[in-house]
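>>> Fold the following.
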Amino acid sequence: MNWDTIAGNWKSAKGHLREQWGKLTDDDLDVIAGKRDQLVGTIQTRYGNTRDEAERMVDEYERSNSSTDFSR
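Next up, the predicted model:
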């Protein structure tokens with residue numbers, strides 16, 4: 001998954017991320033703004049996970065959505 005593509009199509013990607021992680025707020029998504037590290041940190045905070053757990057969650061998301069077209 002290319003995070004440059006996600007950042008470039010952030011409005012579309014935000015909805016997809018909200019479906020995956022419902023605890024993320026609009027403000028969270030505005031701060032994340034397509035930055036992977038920011039997403040991991042926010043998931044860690046919102047879900048009470050360790051950094052490693054949050055990294056694994058994002059890794060799994062990337063694997064399962066590697067063919068998703070966020071440009072729509």
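
>>> Going by C-alpha atoms from here, please, whenever you check contacts or count neighbours.
Noted.

>>> Need the residues that contact the longest helix anywhere in the chain.
In the chain, with assignment by DSSP state H, the single longest helix is helix 51-64. With contacts defined as Cα atoms under 8 Å, 6 or more residues apart in numbering, helix 51-64 is touched by 1, 40-41, 43-44.

>>> Name the residues of that helix that are buried.
54-55, 57-58 (16 or more other Cα atoms under 10 Å).

>>> circling back: which of the contacts of helix 51-64 are buried, as a ChimeraX select command?
The buried residues among these can be selected in ChimeraX (16+ other Cα under 10 Å) with this line:
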select :40,41,43,44
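
>>> For the contacts of helix 51-64, could you give me a markdown table that also reports secondary structure?
Putting these into a markdown table (DSSP: H, G, I helix; E, B strand; the rest coil) gives the following:
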| residue | secondary structure |
| --- | --- |
| 1 | coil |
| 40 | helix |
| 41 | helix |
| 43 | helix |
| 44 | helix |
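
>>> possible to save the contacts of helix 51-64 as TSV with distance to residue 64 and pLDDT?
Shown next, in TSV, are these (distance: Cα to Cα, whole Å; pLDDT from 0 to 100):
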residue	distance to residue 64	pLDDT
1	9	64
40	16	98
41	20	98
43	17	98
44	20	97
